[in-house]
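A.B. asks: Need a 3D model of the sequence below.
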Amino acid sequence: RLDIHRKENLGRKRFEAIFSSLENLIEKGLKITLVMMNATQHAIEKWNLKERLAQLEKKPNFLATEVWPAYGHVVEFYSSDHCLAAWTDSGGVQEDMNLLGKPCLTSRFNTDRPETVMGNHGNILVPPINSDFITRVISGIVEDTSLLSSLANAKPLYGSEVGAKFASSIAPFVTDNHSPHRWSDEILGFGTDNSKMDITF
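C.D. replies: Got it, this is the predicted structure:
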């Protein structure tokens, strides 16, 4: 299941590299479902890829789909035997794949979820350098059953009952009617100097 929506991947060079690698992987016989998010549709139109998408849609191993109505449908698909891995540039999907025990292939040069790459090795960064690079890396991962198994069996990072733990950590703030968010300068004891807030520059 492929979803691409981050702004840094929507420029011509990176998006065409990802799209061309999608074409290459379809040609190799991989089954891929592309989720047509608003950003994805915009990039396809902007970079004149509609005809190439139409050609892909004729292939029996490719499906372009609208955004699914409920995230429960996404989780159901990710959890099923029909999904080998997520190919994404999302941050949340990297976390979800860890919880669901499925491999994640992330089309980014870095990630704000480094624990999924370095902590439990369930996620592999596949930076959109060019289409040949992306094609070789994803093909290599998909064809290596031992690597796929290792990615799928990565240790869950976030434990159990994560929602309940989060709720209990913010409960004291809610009870006291305080914001659970604090700025770094407040935590370090610097506070905010309001004495000159009325000065117009």
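A.B. asks: and the most centrally placed residue in the chain, how far is that from Glu27?
C.D. replies: Closest to where the C-alpha atoms of the chain average out (Cα atoms, centre = their mean) is Ser90, at 2.1 Å. To Glu27, Ser90 is 25 Å away according to Cβ to Cβ, to the nearest Å. C-betas here are computed from N, CA, C, even on glycine.
A.B. asks: Listing request: residues of the protein with sub-threshold pLDDT.
C.D. replies: 191-201 (pLDDT under 70).
A.B. asks: Strands along the chain, start to end?
C.D. replies: For the chain, applying DSSP state E gives strands covering 2-3, 32-35, 62-65, 86-88, 104-106, 123-125.
A.B. asks: Any chance you could list what contacts stretch 48-59?
C.D. replies: 16, 19, 22-23, 26, 43-44, 62, 64 (Cβ atoms under 8 Å, 6 or more residues apart in numbering).
A.B. asks: Restricted to buried residues, select the residues you listed in ChimeraX.
C.D. replies: A single ChimeraX command selects the buried members of the contacts of stretch 48-59 (16 or more other Cβ atoms under 10 Å):
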select :16,19,22,23,26,43,44,62,64
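A.B. asks: can you pull out the helices in the protein?
C.D. replies: 12-27, 38-46, 50-56, 71-79, 92-100, 131-143, 145-152, 162-175, 184-187 (DSSP state H).
A.B. asks: now those in TSV, with distance to Val117?
C.D. replies: Below are those laid out as TSV (distance: least, Cβ to Cβ, whole Å):
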stretch	distance to Val117
helix 12-27	19
helix 38-46	24
helix 50-56	29
helix 71-79	18
helix 92-100	8
helix 131-143	13
helix 145-152	11
helix 162-175	19
helix 184-187	25
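A.B. asks: And these: which comes nearest Asn123?
C.D. replies: With distances scored as Cβ to Cβ, the stretch of the helices of the chain nearest to Asn123 is helix 92-100 (5.3 Å).
A.B. asks: between that closest one and helix 71-79, how big is the angle?
C.D. replies: Computed by axes from the mean of the first three to the mean of the last three Cα atoms, to 10 degrees, the angle separating helix 92-100 from helix 71-79 equals 60 degrees.
A.B. asks: So which elements touch helix 92-100?
C.D. replies: helix 71-79, strand 86-88, strand 104-106, strand 123-125 (3 or more Cβ pairs under 8 Å, 6 or more residues apart in numbering; DSSP states H and E).
A.B. asks: Show the contacting residues for Asn130.
C.D. replies: Ala17 are the contacts of Asn130 under Cβ under 8 Å, 6+ apart.
A.B. asks: how about a cut-off of 10 Å?
C.D. replies: 13-14, 16-18, 20-21 (Cβ atoms under 10 Å, 6 or more residues apart in numbering).
A.B. asks: So which of the residues you listed wins on neighbours?
C.D. replies: Ser21 (25 neighbours; other Cβ atoms under 10 Å).
A.B. asks: That concludes my questions; thank you for your assistance.
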